[in-house]
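> give me a model of this one.
(one chain, ligands or ions: 1)
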Amino acid sequence: MDQSFSQSSALLVWGHHFRSLKPPAARGPNRTNIFAPSGLTSGRETETNLSEEEKKKLEKLQQIRVKFLRLVHRLGHSSEDSIVAQVLYRLAVVAGRQTGQLFSLDDAKRTALQLEEEGKDDLNFTLNILVLGKAGVGKSATINSIFGDEKTSIHAFEPGTTSVKEIVGTVDGVKIRVIDTPGLKSSGMEQGTNRKVLSSIKKFTKTCSPDIVLYVDRLDSQTRDLNDLPLLRSISTALGSSIWRSAIVTLTHAASAPPDGPSGSPFSYEVFVAQRSHVVQQSIGQAVGDMRLMNPSLMNPVSLVENHSACRKNIDGQKVLPNGQAWRPQLLLLSYSIKILAEASSLSKPQDPLDHRKLFGFRVRSPPLPYMLSWLLQSRTHPKLSTEQGGDNGDSDIDLADLSDSDQEEDEDEYDQLPPFKPLRRAQIAKLSKDQRKAYFEEYDYRVKLLQKKQWREELRRMKELKKKGKVTAEEYGDMGEDVDQENGGPAAVPVALPDMVLPPSFDGDNPAYRYRFLEPSSQLLARPVLDTHGWDHDCGYDGVNLEQSLAIASRFPAAVTVQVTKDKKEFNLNLDSSIAAKHGDNGSSMAGFDIQNVGKQLAYILRGETKFKNFKRNKTTAGVSVIFLGENIVTGFKLEDQIALGKRLMLVGSTGTVRSQSVSAYGANLEVRLREADFPIGQDQSSLGLSLVKWRGDLALGANLQSQISVGRNSKVAIRAGLNNKLSGQITVRTSTSDQLQIALVGILPVVMAIYKIICPGVSDNYSMY
Ligand SMILES: Nc1nc2c(ncn2[C@@H]2O[C@H](COP(=O)(O)OP(=O)(O)OP(=O)(O)O)[C@@H](O)[C@H]2O)c(=O)[nH]1
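Numbering: from 1, shown residues only. Below is the predicted model of the structure:
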């Protein structure tokens, strides 16, 4: 389910610079609200005291404001839009927060609308854009998308732009002049070539100085570190670090599916965009050498772009991102805003220049509602008292009963009735013919399975008896380790022995995993290191720690706390999950929880509660609420969930819910069918098919998700995960694990075959690289 949600989540698309913002003027008690109707404040009185020079400045600022509102109108945005509100606020600040007749917002709005209705072509607004970036990142394609026309040629496999050139066109009555530049090189060795290109760019910009710089890179490139520093430094040295003042980080290929995270499941779109934006923004900060630019509130704004011809379009024919936002009007609005602010800034005193980065850096953002909705709709297991803590282990009663009736005796008998069997030695097996060996292994596997089943049932029976007598201890219960949790279709969360560190795939003497081993813990507090598998060579990869504790509060209320802290040089992540539950009779249970999670770069504090009722033997209904505090936003949520078990193998889970913040709501529903092998957990084959639906800001996102784990032969397992949404983007992941070396070799050949296929059919590879 996650995947489909992540595809549709809307998120930090504009980085943290584009947060929905209540006009800050409305926040402080001493500030004048620029959105208040004119004439209600003392503006008129102060206006009469103004000098001629100040009056002229106000008039000019009002003209700029009218011009800006006309541009906003042409883009189809409203003055309530967060970027627009921020620009208007900033203009009011430059004006000294005058609200009199000379600088009335209502007047400006009225004039702008009137001029637009008259259709006058007197806007007098031009925009010069310099486009910079590495080779092949999509600079020329972005320029074509801006103009909606094939103005410059693009190439997939060779340098498309070989010299600096100017492209002129008109968009919404605005004359836009774009300087397209040859692709720059990132490696330190090639900075000589870059210097030549940059010096020709500099010559060009002397005659046509840019209002905006688009620094273009790909959203989907996997650089984790500061690989582009030499390139960014060359740009700063050649064009001056002030070039970054008006730069927008433009990330192309924005419809790409997020890659897999350390947990194996894909990142949400929000996290993917936030991480990639952060890497580029930080690199720019480092290249400029201004530590203030490392401050999130001063980083360059980010804009997402998707140039692919198959990109989904909205009813107006505008290309839209996976979160449903039309990117082109947003990019233009951002560019116009920066130019408008620069115009306003030229009227203010030199010691107070406007830095648009500061402007867009307010730490308030529109919360990613689809992401929060998918989080809310997840099924949760209520913590239970272990038998040692005095509990009867609630739901697992059903499991034990279910799993120990009817066909159990048959299986046991079957195993006991089997004729004697003598396992062969390796040397004896080697002498068998191919058919004999096959028959031998089939028989061997069949017997092992029956034996495992028998042992498992014996263990369950033993546990049941002990439970009846109230004698089972937590350790024994933990040893069992096989109690099936009906809700999650997997082993229930019971204390298990501390796992060892995962060994890296190739030997590395520096890796601590080879030097340290865990000891069996005596405490119930489970502590585990968190491994980041995407580390570099000689990186130890352990950047975090995970702690888990289950307790019984007042010997009655089971509680569970999980804390995970990851920290490396640059990032600090904290995740806290804590829950406490209380039972109502035999069939009901309520849970309250407090979580802390990283959402983008902010911490979200979450209060949640839910009540679960078992209304029929195989049906459970859950209702839950949540309140999330994210920055200055409060997101409230409500959900309903129903689980029906149809026999032992099939489970149906349906949930629906809504989240709401700042009078915007997102609605969603999930339906999931889970199917597992009849002798689960001895046989591990299981599949699930999920459908999800999210409605947010008028956009409907539908997603389907299939997950399947199948055993192939004796030694291999295949796990398939496929996701597809109604925007026809999706992802298929196939993972195979095998102990057969030949198969590994075959799997290793796959990328080579793919690479050859791409060379033979370049068009195909280019078109399908992201979809
Ligand atoms: N899927 C996808 N492909 C893109 C996108 N932008 C560009 N491309 C493709 O990437 C390739 C290179 O695009 P160009 O626009 O020529 O890149 P460039 O940065 O101008 O390249 P140089 O001029 O050589 O520096 C072309 O095949 C484009 O079709 C995008 O947003 N999504």
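> residues in a beta bridge with Val718, which ones?
Ile710, Thr736 (DSSP bridges).
> that one and the ligand: what is the separation?
Separation of Val718 from the ligand (Cβ to the nearest ligand atom, to the nearest Å): 29 Å. C-beta: built from backbone N, CA, C; applies to glycine.
> okay, now that residue: neighbour count?
The tally of other residues near Val718 (other Cβ atoms under 10 Å) stands at 14.
> list the contacts of it.
Val718 makes contacts with 709-710, 712, 734-736, as judged by Cβ atoms under 8 Å, 6 or more residues apart in numbering.
> separation between Tyr440 and the ligand?
For Tyr440, the distance to the ligand equals 53 Å [Cβ to the nearest ligand atom].
> enumerate every residue touching that residue.
For Tyr440, the contacting residues are 424, 429, 432, by Cβ under 8 Å, 6+ apart.
> the first one: what secondary structure?
The local conformation at Leu424, judged by DSSP: H, G, I helix; E, B strand; the rest coil, is coil.
> what is the neighbour count of it?
Neighbours of Leu424 under the rule other Cβ under 10 Å: 14.
> just the helices in the stretch 51-200 of the chain please.
Ranges of helices in the stretch 51-200 of the chain, per DSSP state H, counting those that start in this stretch, are 52-75, 82-94, 105-118, 139-147, 191-207.
> keep only the contacts of Val718 that also lie close to the ligand.
Among the contacts of Val718, no residue is within reach of the ligand (Cβ under 6 Å from any ligand atom).
> out of these, which is most surrounded?
Most surrounded of these: other Cβ under 10 Å gives Gln709, at 17 neighbours.
> what sits against it?
684-687, 717-720.
> try it again with 10 Å
Neighbouring residues of Gln709 by Cβ atoms under 10 Å, 6 or more residues apart in numbering: 676-677, 684-688, 717-721, 735.
> next: Leu603.
When contacts are counted by Cβ under 10 Å, 6+ apart, Leu603 is found next to 572-576, 596-597, 629-631.
> near the ligand, which residues of the stretch 301-450 of the chain?
305-308.
> export those to CSV and tack on pLDDT, neighbour count and secondary structure?
Output for these, formatted as CSV (pLDDT from 0 to 100; neighbours: other Cβ atoms under 10 Å; DSSP: H, G, I helix; E, B strand; the rest coil):
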residue, pLDDT, neighbour count, secondary structure
Val305, 92, 26, coil
Glu306, 91, 25, coil
Asn307, 90, 20, coil
His308, 88, 20, coil
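> list the contacts for the residue lying closest to Glu116 once chain neighbours are set aside?
Spatially, and ignoring its direct neighbours in sequence, Glu116 is nearest to His73 (5.1 Å; Cβ to Cβ, 6 or more residues apart in numbering). Residues near His73 by Cβ under 10 Å, 6+ apart: 79, 109, 112-113, 115-117, 172.
> most surrounded residue in those?
Within the contacts of His73, most neighbours by other Cβ under 10 Å means Ala112, with 20 neighbours.
> circling back: closest to Asp699 among the contacts of Val718?
Comparing those against Asp699 with Cβ to Cβ places Val734 closest, at 30.4 Å.
> that closest one and Ser716 touch, don't they?
No. Taking Cβ atoms under 10 Å as the definition, Val734 is not a contact partner of Ser716, at 12.0 Å.
> hang on, the earlier thing: wait, which of the helices of the stretch 51-200 of the chain is closest to Arg618?
Checking those against Arg618 by Cβ to Cβ gives helix 82-94 as the closest, at 48.2 Å.
> what angle sits between the closest one and helix 52-75?
Between the axes of helix 82-94 and helix 52-75, defined by axes from the mean of the first three to the mean of the last three Cα atoms, to 10 degrees, the angle is 170 degrees.
> tell me which other helices or strands helix 82-94 touches.
helix 52-75, helix 105-118, helix 327-345, helix 356-359 (3 or more Cβ pairs under 10 Å, 6 or more residues apart in numbering; DSSP states H and E).
> next secondary structure after the last one?
In the C-terminal direction, the helix or strand that comes right after helix 356-359 (DSSP states H and E) is helix 369-376.
> average pLDDT across that next one?
Mean per-residue pLDDT for helix 369-376: 84.
> surely Met189 and Leu231 touch.
No. Judged on Cβ under 10 Å, Met189 makes no contact with Leu231 at a distance of 11.5 Å.
> give me the longest helix you can find in the chain.
Longest helix in the chain, counting residues (DSSP state H): helix 434-469.
> can you give me the buried ones in stretch 696-704?
Of all the residues in stretch 696-704, those buried under the rule 16 or more other Cβ atoms under 10 Å are 696, 699, 701-704.
> do stretch 451-467 as well
For stretch 451-467, the neighbour count (16+ other Cβ under 10 Å) marks 452-454, 456-457, 459-460, 463, 467 as buried.
> that older thread, more neighbours, Met189 and Leu231?
Taking neighbours as other Cβ under 10 Å, Met189 and Leu231 compare with Leu231 leading, 23 against 8.
> closest to Gly289 out of the contacts of Val718?
Nearest to Gly289 among these, with distances taken as Cβ to Cβ, is Arg735, at 43.5 Å.
> that older thread, next, format the contacts of Val718 as TSV and append pLDDT.
What follows is the contacts of Val718, written out as TSV (pLDDT from 0 to 100):
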residue	pLDDT
Gln709	87
Ile710	85
Val712	77
Val734	78
Arg735	77
Thr736	74
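> so which of the buried residues of stretch 696-704 are in strands?
Secondary structure from DSSP state E places 696, 699, 701-704 of these in strands.
> tell me which residue in the stretch 1-150 of the chain sits closest to the ligand.
When scored by Cβ to the nearest ligand atom, the stretch 1-150 of the chain has Gly138 as its residue closest to the ligand, at 2.7 Å.
> list the contacts for that residue?
Counting by Cβ under 10 Å, 6+ apart, Gly138 has contacts 131, 144-145, 154, 160, 216-219, 250-254, 305-308.
> repeat that with 6 Å
Gly138 sits next to 252, 307 when contact means Cβ atoms under 6 Å, 6 or more residues apart in numbering.
> return the distance of it relative to Ser716.
40 Å (Cβ to Cβ, to the nearest Å).
> what's the answer for Lys109, then?
Per Cβ to Cβ, Lys109 is found 67 Å from Ser716.
> what segments of the stretch 601-750 of the chain are strands?
602-616, 619-630, 633-646, 650-661, 664-676, 686-696, 699-712, 716-725, 730-738 (DSSP state E, counting those that start in this stretch).
> which among the ones you listed is found nearest to Ile338?
Relative to Ile338, the nearest member of the strands of the stretch 601-750 of the chain by Cβ to Cβ is strand 602-616, separated by 24.5 Å.
> give me the buried stretch members for the closest one, please.
Using 16+ other Cβ under 10 Å as the test for burial, strand 602-616 gives 602-604, 606, 608, 610-612, 614.
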